[in-house]
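> Need a 3D model of the sequence below.
(one chain, ligands or ions: 2)
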Amino acid sequence: MTLRIGVIGTGAIGQEHVHRITHSLQGAEIVAVTDVNKEQAIKVVKKQNINAKVYESGNELIQSSDVEAIMVTSWGPTHEEFVLAAIDAGKPVFCEKPLATTAEGCKRIVDAEVTHGKQLVQVGFMRRFDHSYRQLKKVIDEGKIGDPLMVNCAHRAPAAPGFKGDMALTDSLVHEMDVLRWLLDDDYVSAQVLLPRRTRFADEGLQDPHIMLLETKQGIRISVESFVNCQYGYDIQCQVVGETGTANLPEPSSVPVRSDAKLSNEILVDWKDRFIDAFNVEFQEWIDSTKKGEVNGPSAWDGYVAAVTSDACVEAKRTGQIEPISMPKRPAFYDRGQKVKL
Ligand SMILES: NC(=O)C1=CN([C@@H]2O[C@H](COP(=O)(O)OP(=O)(O)OC[C@H]3O[C@@H](n4cnc5c(N)ncnc54)[C@H](O)[C@@H]3O)[C@@H](O)[C@H]2O)C=CC1
Ligand SMILES: O=C1[C@H](O)[C@H](O)[C@@H](O)[C@H](O)[C@H]1O
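Ligands and ions are numbered 1, 2, ... in the order given. As a prediction, the model looks like this:
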């Protein structure tokens with residue numbers, strides 16, 4: 001059986017995902033697309049050479065009997081409406097981060113999904129599918145460095161066109177907020193945000209870099225640097241310090257070149273390249289799980305936790321204080337093993 005997917009939002013990442021599902025992955029096809037920029041949606045259908053119908057709106061696409069599963073890759077503020085509509089239609093939905101732009105919006109989605117009675121929602125936190133993060137998690141889970149005590153991360157990008165306000169926290173660092181919970185199998189209890197000296201390469205009014213400090217329930221202390229105008233490349237670092245050793249996130253492979261009396265390695269400059277394999281694994285596993293009637297990736301609850309954490313970080317940046325992160329107990333509904341029926 002081929003999973004028939006409808007795509008809401010044919011912009012940058014929507015096109016990436018349409019391409020990978022159509023040309024790289026197995027078991028699914030794009031049968032429907034929609035975008036408020038209809039001309040763009042039409043162009044994507046032609047360029048990707050897919051037999052997909054262009055719908056007037058996301059809700060019309062969701063309601064279509066031709067569409068079995070939904071992919072939401074529109075702007076963040078539109079996600080809540082479409083995810084709620086997909087739940088209402090009883091259809092599995094993959095929603096790119098953020099699940100919703102507020103914790104309250106995420107909680108409305110969690111409540112709707114629990115009321116619906118079947119888990120349908122997966123959120124696009126793709127780092128859990130990245131081979132290097134999975135290698136790092138294996139080392140930790142096997143106890144090779146003892147209990148984790150501290151974690152030091154960096155999330156650097158060469159430039160941040162269009163970045164404004166708190167996007168370093170709400171748009172970029174949400175990836176670390178999610179992946180570190182998964183890596184450590186832990187939850188957060190507090191957040192603090194430090195504002196180092198601004199780089200002259202930041203747009204007017206934009207703070208850059210930031211340092212986010214998190215404490216977990218187990219007492220692990222986490223430091224994450226966000227530097228979105230670092231100039232030199234797209235560089236994701238993660239070191240876990242344990243009782244008996246340290247473990248570093250493996251660097252993307254590159255050929256060491258010796259020439260002109262220098263030894264050099266290339267550094268990637270784009271998140272699309274750094275995580276291309278993670279996106280492919282994320283979507284192949286989503287397709288396979290959805291066809292089995294399962295949700296095995298980051299859930300709506302994970303999307304809610306990321307939103308609560310990011311809200312606390314934005315508040316910590318505003319107050320300059322350590323802000324508490326208090327989460328209600330995760331509903332048993334989100335324990336693994338929930339099955340959905342297509
Ligand atoms: N997982 C990851 O690493 C990444 C995730 N994203 C997320 O993906 C989402 C989209 O980001 P981009 O593709 O960079 O943005 P984009 O602006 O390139 O594309 C978004 C598209 O959604 C369309 N759109 C907006 N409102 C709509 C509506 N009501 N109905 C239908 N279409 C609508 C826009 O016309 C646009 O074509 C964002 O939530 C972003 O955070 C983006 C980049 C990386
Ligand atoms: O979701 C993303 C990308 O995956 C990058 O990791 C971030 O740097 C970017 O800001 C964000 O949009």
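
> going forward, measure contacts between C-alpha atoms and count neighbours the same way
OK.

> Let me see the contact set for the residue of the stretch 201-342 of the chain found nearest ligand 2.
Nearest to ligand 2, among the residues of the stretch 201-342 of the chain, is residue 271, at 5.4 Å (Cα to the nearest ligand atom). Neighbouring residues of residue 271 by Cα atoms under 8 Å, 6 or more residues apart in numbering: residue 234.

> got it, and residue 215?
188-191, 221-222.

> Same question for residue 68.
Residue 68 touches 3-6, 91-92, 342, counting by Cα under 8 Å, 6+ apart.

> Report the two of the residues you listed separated the most.
Spatial extent of the contacts of residue 68 (Cα to Cα) is set by the pair 6 and 342 at 14.4 Å.

> Which positions in the stretch 101-250 of the chain make contact with ligand 2?
Contact residues, the stretch 101-250 of the chain versus ligand 2 (Cα under 6 Å from any ligand atom): 171-172.

> Now the stretch 101-250 of the chain against ligand 1: closest residue?
Of all residues in the stretch 101-250 of the chain, residue 124 sits closest to ligand 1, with a separation of 5.3 Å (Cα to the nearest ligand atom).

> With adjacent residues omitted, what lies nearest to that residue?
Spatial nearest neighbour of residue 124, excluding adjacent residues (Cα to Cα, 6 or more residues apart in numbering): residue 96 at 4.3 Å.

> What distance do you get for that neighbour to ligand 2?
Residue 96 sits at a distance of 9 Å from ligand 2 (criterion: Cα to the nearest ligand atom, to the nearest Å).

> Just list the residues touching that residue, thanks.
Contact analysis of residue 96 by Cα under 8 Å, 6+ apart lists 71-73, 123-125.

> now do 6 Å
Residue 96 makes contact with 73, 123-124 under the criterion Cα atoms under 6 Å, 6 or more residues apart in numbering.

> Let me have those in CSV, extended by neighbour count and secondary structure.
What follows is those, written out as CSV (neighbours: other Cα atoms under 10 Å; DSSP: H, G, I helix; E, B strand; the rest coil):
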residue, neighbour count, secondary structure
73, 24, coil
123, 22, strand
124, 23, coil
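
> Same list (those) but as CSV, adding pLDDT and distance to residue 169.
Formatted as CSV, those follow (pLDDT from 0 to 100; distance: Cα to Cα, whole Å):
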residue, pLDDT, distance to residue 169
73, 98, 20
123, 98, 17
124, 98, 17
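
> dump the residue contacts of the residue in the stretch 1-150 of the chain that ligand 2 sits nearest to.
Closest to ligand 2 within the stretch 1-150 of the chain is residue 97: 7.0 Å, counting by Cα to the nearest ligand atom. Applying Cα under 6 Å, 6+ apart to residue 97 gives the contacts residue 124.

> Once you drop chain neighbours, what's closest to residue 209?
residue 227 (4.4 Å).

> can you check residue 20 too?
The spatially closest residue to residue 20, leaving aside those adjacent along the chain, is residue 280, at 6.9 Å (Cα to Cα, 6+ apart).

> pLDDT (mean, whole number) over the helix or strand containing that neighbour?
In the assignment (DSSP states H and E), residue 280 maps to helix 276-291. For helix 276-291, the mean per-residue pLDDT is 98.

> so after it, what's the next helix or strand?
helix 300-319.

> what's in contact with stretch 49-64?
Stretch 49-64 has contacts (Cα under 6 Å, 6+ apart) with 8, 31-34.

> Buried residues, that stretch. List them.
Buried residues in stretch 49-64, counting neighbours by 16 or more other Cα atoms under 10 Å, are found at 50, 52-55, 58-59, 61-63.

> how far away is residue 60 from ligand 1?
Distance from residue 60 to ligand 1, by Cα to the nearest ligand atom: 10 Å.

> What distance do you get for that residue to residue 121?
Here residue 60 is placed at a distance of 19 Å from residue 121 (Cα to Cα, to the nearest Å).

> ok, the residue lying closest to residue 206 once chain neighbours are set aside - how many residues close by?
Among residues not flanking residue 206 along the chain, residue 164 sits closest, at 5.9 Å (Cα to Cα, 6+ apart). Residue 164 has 14 neighbours, counted by other Cα atoms under 10 Å.

> hang on, residue 164 in a helix?
No: counting by DSSP: H, G, I helix; E, B strand; the rest coil, residue 164 is not part of a helix but coil.

> and it, backbone torsions?
phi -150, psi 170 (degrees, to the nearest 10).

> And residue 53, by the same measure?
Here is the backbone geometry of residue 53 (degrees, to the nearest 10): phi -90, psi 140.

> quick one: low-confidence ranges for the protein?
The chain contains residues with pLDDT under 70 at 337-342.

> Domain ranges for it, per the record?
3-127+279-302, 130-266 (automatic domain parsing).

> Look up the closest residue to the residue in the stretch 51-200 of the chain positioned nearest to ligand 1, ignoring the ones flanking it.
Closest approach between the stretch 51-200 of the chain and ligand 1, counting by Cα to the nearest ligand atom: residue 74, at 3.3 Å. Closest residue to residue 74 apart from its sequence neighbours, by Cα to Cα, 6+ apart: residue 9 at 4.1 Å.
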